[in-house]
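Chemist: Got a predicted structure plus its sequence, pasted below:
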Amino acid sequence: DQQVKQNSPSLSVQEGRISILNCDYTNSMFDYFLWYKKYPAEGPTFLISISSIKDKNEDGRFTVFLNKSAKHLSLHIVPSQPGDSAVYFCAANDRGSTLGRLYFGRGTQLTVWP
Amino acid sequence: DAGVIQSPRHEVTEMGQEVTLRCKPISGHNSLFWYRQTMMRGLELLIYFNNNVPIDDSGMPEDRFSAKMPNASFSTLKIQPSEPRDSAVYFCASSKTGGYGYTFGSGTRLTVV
């Protein structure tokens, strides 16, 4: 039972343009959401997060938007750079009950071409 | 802070052999997670510990897989006997209580031939 879903396995964007990665979740108890970035031969690294009390969080070129009513979040990267090419994982948890366990989507491979 | 340390980075073994993957979590983190990454399933949670106690091992594929955490600074994931379908990248991650996210290790790439 996949509680966090990333329906696009891949995304290709030209350098300088916006990349939008999408994520849907089913568990209404989730109250904290994260994005991880993974390069080949490395472990995933934390990128950005958002609490359910917010609908937007921004960090430089990266912005995460949360729509709780739709159970949907998205990651915007503006402008996209070739170094952003990686697999992006969406994750969520219910901090009150899961001892920190994150539920991950299957990832989206982003390719940024020059 | 050296991060989460996994060893070995790469392991190639023959079918039927025992394989042991090792993980040292970040000092002060009290939760530890073992994941397996495959093309088909993405990041698949195998087992996780809190304060050295296994909390949920429902993701362990079968009895050939076992995991231990004898103390707060060390955990092992053992596969015995190994099979070619176990070939994957195995990640260990640790976190503090509070659910603010994990720190992952660099992973162990296991190849069973």
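Modeler: Nice, I can see it.
Chemist: how about low-confidence regions in the chain?
Modeler: Since no chain was named, I'll use chain A. Within chain A, the stretches falling below the threshold (pLDDT under 70) are A:1, A:97-99.
Chemist: Chain B is the one I meant
Modeler: Counting by pLDDT under 70, chain B shows low-confidence ranges at B:1, B:98-99.
Chemist: Which residues of chain A lie near chain B?
Modeler: Applying the criterion Cβ under 8 Å from any Cβ of the partner chain, the portion of chain A that neighbours chain B consists of A:32, A:34, A:36, A:41-46, A:49, A:89, A:91, A:93-95, A:98-102, A:104-107. Every C-beta, even on glycine, is put in place using the N, C-alpha and C of the backbone.
Chemist: Among these, name the ones in strands.
Modeler: With DSSP state E as the criterion, strands contain A:32, A:34, A:36, A:45, A:46, A:49, A:89, A:91, A:93, A:104 from among the residues of chain A next to chain B.
Chemist: Buried subset of those, written for ChimeraX?
Modeler: The buried subset of these, as determined by 16 or more other Cβ atoms under 10 Å in any protein chain shown, is captured in ChimeraX by this line:
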select /A:32,34,36,49,89,91,93,104
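Chemist: from the ones in strands among the residues of chain A next to chain B, which single one is nearest residue B:28?
Modeler: The closest of those to residue B:28 turns out to be residue A:46 (Cβ to Cβ; 16.8 Å).
Chemist: what's near enough to touch the closest one?
Modeler: A:34, A:35, A:36, B:101, B:102, B:103 (Cβ atoms under 8 Å, 6 or more residues apart in numbering or on different chains).
Chemist: give me that answer again for 7 Å
Modeler: Residues near residue A:46 by Cβ atoms under 7 Å, 6 or more residues apart in numbering or on different chains: A:34, A:36, B:101.
Chemist: Could you do residue B:95 as well?
Modeler: Shown here is residue B:95, whose contacts under the criterion Cβ under 7 Å, 6+ apart are A:100, B:29, B:31, B:101, B:102.
Chemist: Quickly list what the residue nearest the centre of chain B is bridged to.
Modeler: The centre of chain B sits closest to residue B:34, judged by Cα atoms, centre = their mean, with a distance of 3.3 Å. Partner residues in beta bridges with residue B:34, using DSSP bridges, are residue B:47, residue B:92.
Chemist: unless I'm mixing things up, it is touching residue B:68, no?
Modeler: No: the pair residue B:34 and residue B:68 fails to qualify as a contact (Cβ atoms under 7 Å) at a distance of 10.8 Å.
Chemist: Could you name every residue contacting both of those two?
Modeler: Contacts common to residue B:34 and residue B:68, judged by Cβ under 7 Å, 6+ apart, are absent.
Chemist: where exactly do the strands run in chain B?
Modeler: Applying DSSP E to chain B gives strands spanning B:5-7, B:10-13, B:19-24, B:31-38, B:42-50, B:53-56, B:65-71, B:74-79, B:88-95, B:103-104, B:108-112.
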